[in-house]
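Peer 1: Sharing a model that was predicted from the sequence below.
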Amino acid sequence: MRNRFQHQEPVSAAEWFAARRAGHDADLESRFAAWLAASRQHFEDYALCELTWELTASAAVGISHAPPRLAWHRRTSALAAAAAALLLFAFFGVMHLSSAPAVVWQTQPGEQRSISLADGSHIVMNTRSMLEIRMGARRREVRLIKGEAYFEVAHDESRPFVVRTSLGSIRAVGTRFDVLLDDQRVEVALEEGRVMVRSTLPDAREVLTVAGMSATLLPGSADPHLQPADLNRIENWRARRIEFDRVPLATALREFSRYTPLPIHAGSPQIAQMPISAVLKAGDVAALRATLKGAFGLQVIETRDALIVSEP
C-alpha cells in the first residue's frame, strides 16, 4: 500500500506515528530521524504515542479474551510491559540520536550554500567546502572537513553546538562565528558572543575567544593564537565580494582561485610580488582580467590546468 505521507510531511508526533505504521518507507524513516533529532520535545511526544498504543492495544486484547480477574492481571502486566517498552524506547532512542546519521553538504568552486537547521541555527558555506551535520537530543555537532563556513547558532544551553576540524574544535551555545580550514591552519573569527577553542593535541586546554577576536590553530601547536579578527573579509565573502588592499598579487590570486574551477598563478616571481588593491566579485575572471590589464598591463592566459598571469 502506498504511504499517503510520502508527499505530505507529518508535523506532529501522532502524524509521524500513523505514517510509520502505514508502511515501511526508507525516505520517510530518514525524515523521521531528522524530525526526532530536532527537539527533545519531539522525542518525548513520540514516546508517549508509543506508550499509549501499547497500553490501549494490550488492554483491548485482555478485555476481549480473558475472564474479569484474569483480564485485570493482564492489564496490570500490560502496563508493566508498556512501561518497560517505554524505557527501552527511551534508551535506544537516545542511543540513536547520539549516533544519528550525519548529513553531508558540499559546495563546488564559486558556489555558496545556506543551510537552516531544525533548532533554528543557520550555516552559510563558502566555496569549495564540505561539512557533515549531526543533530542529537543532547548535542549539536558539525564537522568541517574542508573550506569555510559561517555559523549563526541558536541559543540552547542544554545542547552545546560543537564544530570539529582536523586541528581542533569550537564549542558554542549561541553566537555568530566563522571557521576557515585549509592545509595550514584553522581560523575561528568571532562576530558575536563567545566560543571555546581547543586543539586536538593531548592535554590541550580550551581557550575563550570573544567577539571581535580570532583564534588560529596551527599544526603541532596546542594553544591557539589570538588576534583581532578580520570581520570585513567575512562580510565580503558572504556578499560574494573579494577585497584586496596592497597585497602581493600571488596572495590575491590564491584567494581568488578558491572561487574558480582552474587555479590562477603568477607567471614569474616579479609578477607574484606586485602589490594589488581591488574589489572584485568572487569568481568573476573577466573582471580580474580587466583589472590586471588596466593596472599592470598584464594578461591572463588559459592552459589546460590553470590560468597564468603574465606579461604580454
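Peer 2: Alright, I've got the coordinates.

Peer 1: low pLDDT regions in the stretch 151-300 of the chain?
Peer 2: Across the stretch 151-300 of the chain, nothing is flagged by pLDDT under 70.

Peer 1: Now do the strands in it.
Peer 2: Taking DSSP state E, counting those that start in this stretch to define them, one finds strands in the stretch 151-300 of the chain at 161-164, 168-172, 176-181, 186-192, 194-199, 207-210, 213-217, 225-228, 241-248, 264-266, 275-281, 299-302.

Peer 1: any chance of those in a markdown table, with mean neighbour count and distance to residue 290 too?
Peer 2: Just so you know, the C-beta spots here come from the backbone N, C-alpha and C atoms, and that holds for glycine as well. Below are those laid out as a markdown table (neighbours: other Cβ atoms under 10 Å; distance: least, Cβ to Cβ, whole Å):
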| stretch | mean neighbour count | distance to residue 290 |
| --- | --- | --- |
| strand 161-164 | 22 | 38 |
| strand 168-172 | 23 | 39 |
| strand 176-181 | 23 | 28 |
| strand 186-192 | 22 | 31 |
| strand 194-199 | 22 | 40 |
| strand 207-210 | 17 | 39 |
| strand 213-217 | 22 | 33 |
| strand 225-228 | 12 | 33 |
| strand 241-248 | 15 | 15 |
| strand 264-266 | 20 | 14 |
| strand 275-281 | 15 | 10 |
| strand 299-302 | 14 | 10 |
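
Peer 1: The one helix or strand residue 29 maps to - contacts with which helices or strands?
Peer 2: Taking DSSP states H and E as the criterion, residue 29 maps to helix 26-37. Counting contacts by 3 or more Cβ pairs under 8 Å, 6 or more residues apart in numbering; DSSP states H and E, helix 26-37 is packed against helix 13-21, helix 40-65, helix 68-98.

Peer 1: Show me what the mean pLDDT comes to for that helix.
Peer 2: Helix 26-37 shows a mean pLDDT of 72.

Peer 1: Which of the helices and strands packed on helix 26-37 has the lowest mean pLDDT?
Peer 2: Among those, helix 68-98 scores lowest, at a mean of 47.

Peer 1: Heading C-terminal from that one, find the next helix or strand.
Peer 2: By DSSP H and E, the next helix or strand past helix 68-98 is strand 103-106.

Peer 1: avg pLDDT for that next one?
Peer 2: 93.

Peer 1: From the chain's centroid, how far away is that strand?
Peer 2: 8 Å (Cα atoms, centre = their mean, to the nearest Å).

Peer 1: other SSEs contacting it?
Peer 2: strand 130-135.

Peer 1: just to revisit the earlier point, and residue 310, which of the strands of the stretch 151-300 of the chain is closest to it?
Peer 2: strand 299-302 (6.0 Å; Cβ to Cβ).

Peer 1: What pairs with the closest one, parallel or antiparallel?
Peer 2: strand 307-310 (antiparallel) (DSSP bridges).

Peer 1: So which residues make contact with the partner strand?
Peer 2: The contact list for strand 307-310 (Cβ atoms under 8 Å, 6 or more residues apart in numbering) reads 249, 253, 260, 262-268, 271, 285, 292, 298-302.

Peer 1: list the buried ones in stretch 248-259?
Peer 2: 248-250, 252-259 (16 or more other Cβ atoms under 10 Å).

Peer 1: Likewise for stretch 125-140?
Peer 2: Within stretch 125-140, the residues that count as buried by 16+ other Cβ under 10 Å are 125-137, 140.

Peer 1: tell me the mean pLDDT for it?
Peer 2: Taken as a whole, stretch 125-140 has an average pLDDT of 92.

Peer 1: Pull up the distance across it, start to finish.
Peer 2: One end of stretch 125-140 to the other measures 17 Å (Cα to Cα, to the nearest Å).

Peer 1: chain center to that stretch: distance?
Peer 2: Distance of stretch 125-140 from its chain centroid, counting by Cα atoms, centre = their mean, is 2 Å.

Peer 1: thinking again about what came up before, and which of the buried residues of stretch 248-259 is nearest to residue 179?
Peer 2: Using Cβ to Cβ, the buried residues of stretch 248-259 come closest to residue 179 at residue 258, 14.9 Å.

Peer 1: Brilliant, that's me finished.
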